[in-house]
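Student: kindly generate the corresponding structure for this input.
(2 chains)
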Amino acid sequence: MKLSLLLFGFGIVLVVLQTTLQRLLPIGPVVPDLILVLCVYWGLHHPTAGAALGSFMLGYSVDIISSRLLGVNAFAMSLVFLSVYLGSRSIWLHHPIVSSIIVFIAALVKGAGLVLVWIVFLSTEGFWQGAVKYIVSEALIAAVLAPFMFALLQHGENLVAKPGTAAQ
Amino acid sequence: MLAFLRKYQIPLSSGFCLLLSFYILTVSARGQLKNEPVGAVLMWVLRPLQIVAQGTANWFIGIQENYLTWSGFKSENERLRNRIQALEVERQRLLEAEATNRKLQKLLDFRVQLPGKPVTASIIADSASSWFQGCIIDKGSADGVHKDMAVVTPLGVIGKVVSVTGRSAKVILLTDANSGIDVMVQRTRSRGIVSGSLDSGTVLKYMKRSEDVQVGDRLITSGLDGVFPKGLLAGTVIKVNKQSLGLFQSIEVMPAVQSALVEEVLVVGSGGETEPAKN
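Tutor: Numbering: from 1, shown residues only, chains lettered A, B, ... in the order given. The predicted structure follows:
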């Protein structure tokens, strides 16, 4: 529970970071999806009911800031969490080297979720080419960032778990 | 039963979250989500963090720009002499820009051109998603901002307010794929809709093939959508493609304002007519 709250708090910081990255880095219109990487980490390493709710709330936070239609990212992040959780039960996915691949696939799942929502609720005029571009760009950026964020989160967990060791 | 719930608590809670988000989507799409307390609380929590983060980002950009200037100074002395001259010219230009900026700021404060009582606001966060183009401003219902107010700068249209909390508001940008602003070509008065697009940036929609639209044409708000005052610059036509088939032309538009470069905006109610910005 404590860890879930800490990860959620870290997620809120990442949401804020995401809202400034576009201004800070010359990355064009694609915003690095740090929340996605966090949800994948959560689903892989600490899957609990609180983590599912946390993923939903972080997606909803992105919706509150960015989306005209509420629930889009909440849906996508819940989908990502569930997919990663179910995947991790069937296949051994915890090796650090495969974190990029998992995040890449999770980003594709999120993209598929967004496309689904877009088709059902929004206009698809002038949509497909841009959608493919965003899905692939976001997936690639998230995959590149994944090993670093996973290492950072693991390090943070160690600090929380062993404060005495960290002090040394 | 309890054992079943305990065993499958993760997929069940995930499924619940999926259903909940789908319900929120449905209600939100129908426009029935009026009072949304969770969002208001989240915005209340995020607002100070965003102000700090945005301030830090702007400070960092300043440092970065300074560093780039000084790294050139250190590496090449000879180049520096030329650079100093160039910088002197640049400095003069910046001083002039600063003076102009002051005038614009006074203009903003004066706000006589715009109808109603415009509210000056700062952008405190950009979009956190690639799929939606929006921003958060630091003024909300407590400051007189409400839904469907226009967000503009002296250079032109930025977007419109789509939701409001007490001290902040969410703005959908002109460049968002789900936005739409009723505009007319300043030269010919032909009407169309400017909107964002995931495929090809900002576009002018529903312009008949028979209408005369040329590259460089300025698009101004028509005032007929009940959101934007008439006469604000929305963008400039940069590409016209009259396809052999279809009712409408395919027109690409350069937005009048690059929102990523803007820090302060005016929020204004509809009605009245505005003198469009001159080149």
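Student: most centrally placed residue in chain A?
Tutor: Most central in chain A under Cα atoms, centre = their mean is residue A:36, positioned 0.9 Å from the mean C-alpha point.
Student: pretty sure it is touching residue A:102, no?
Tutor: No. Using Cβ atoms under 8 Å, residue A:36 makes no contact with residue A:102, being 10.9 Å away. All C-beta atoms are positioned from the backbone trio N, CA, C, and that covers glycine.
Student: and for residue 116, the neighbour number?
Tutor: With no chain named, the answer covers chain A. Neighbours of residue A:116 under the rule other Cβ atoms under 10 Å in any protein chain shown: 13.
Student: my question was about chain B, not that one.
Tutor: 16.
Student: how is it assigned, secondary-structure-wise?
Tutor: coil (DSSP: H, G, I helix; E, B strand; the rest coil).
Student: find the closest residue to chain B in chain A.
Tutor: residue A:130 (2.5 Å; Cβ to the nearest Cβ).
Student: list the contacts of that residue.
Tutor: B:177, B:197, B:198, B:199, B:200 (Cβ atoms under 8 Å, 6 or more residues apart in numbering or on different chains).
Student: need the per-residue pLDDT for the residue in chain B that chain A sits nearest to.
Tutor: At 2.5 Å from chain A, residue B:198 is the closest residue in chain B, using Cβ to the nearest Cβ. On pLDDT, residue B:198 comes in at 82.
Student: pretty sure it is touching residue A:125, no?
Tutor: No. The criterion here is Cβ under 8 Å, and residue B:198 misses it with residue A:125 at 9.6 Å.
Student: out of these two, which sits in the busier spot?
Tutor: Between residue B:198 and residue A:125, counting by other Cβ under 10 Å, residue B:198 is the more crowded of the two (23 against 13).
Student: contacts only, for that one.
Tutor: A:126, A:127, A:129, A:130, A:131, A:133, A:134, B:131, B:177.
Student: nearest to residue B:250 among those residues?
Tutor: When the contacts of residue B:198 are compared for distance to residue B:250 (Cβ to Cβ), residue A:126 comes out closest, at 9.6 Å.
Student: next, the closest residue to that closest one other than its chain neighbours: phi, psi?
Tutor: Nearest residue to residue A:126, sequence neighbours excluded (Cβ to Cβ, 6 or more residues apart in numbering or on different chains): residue B:197, at 3.7 Å. Note on residue B:197: backbone dihedrals following degrees, to the nearest 10 are phi -150, psi 140.
Student: ok, residue B:197 - contacts?
Tutor: Residue B:197 sits in contact with A:125, A:126, A:127, A:130, B:177, B:203, where contact means Cβ under 8 Å, 6+ apart.
Student: those residues in strands, which ones?
Tutor: Among the contacts of residue B:197, the members found in strands (DSSP state E) are residue B:203.
Student: biggest helix in the chain by residues?
Tutor: Just so you know, I chose chain A. helix A:128-161 (DSSP state H).
Student: oops, chain B please
Tutor: helix B:37-75.
Student: against which helices or strands is that one packed?
Tutor: helix A:2-24, helix A:49-66, helix B:77-110, strand B:119-126, strand B:134-137 (3 or more Cβ pairs under 8 Å, 6 or more residues apart in numbering or on different chains; DSSP states H and E).
Student: mean confidence score for that helix?
Tutor: pLDDT averaged over helix B:37-75 gives 77.
Student: okay, the angle between that helix and helix A:49-66?
Tutor: Between helix B:37-75 and helix A:49-66, the angle comes out at 70 degrees (axes from the mean of the first three to the mean of the last three Cα atoms, to 10 degrees).
Student: around chain A, which positions in the stretch 151-279 of chain B sit nearby?
Tutor: Neighbours of chain A within the stretch 151-279 of chain B, by Cβ under 8 Å from any Cβ of the partner chain: B:162, B:170, B:172, B:176, B:177, B:178, B:197, B:198, B:199, B:200, B:203, B:260.
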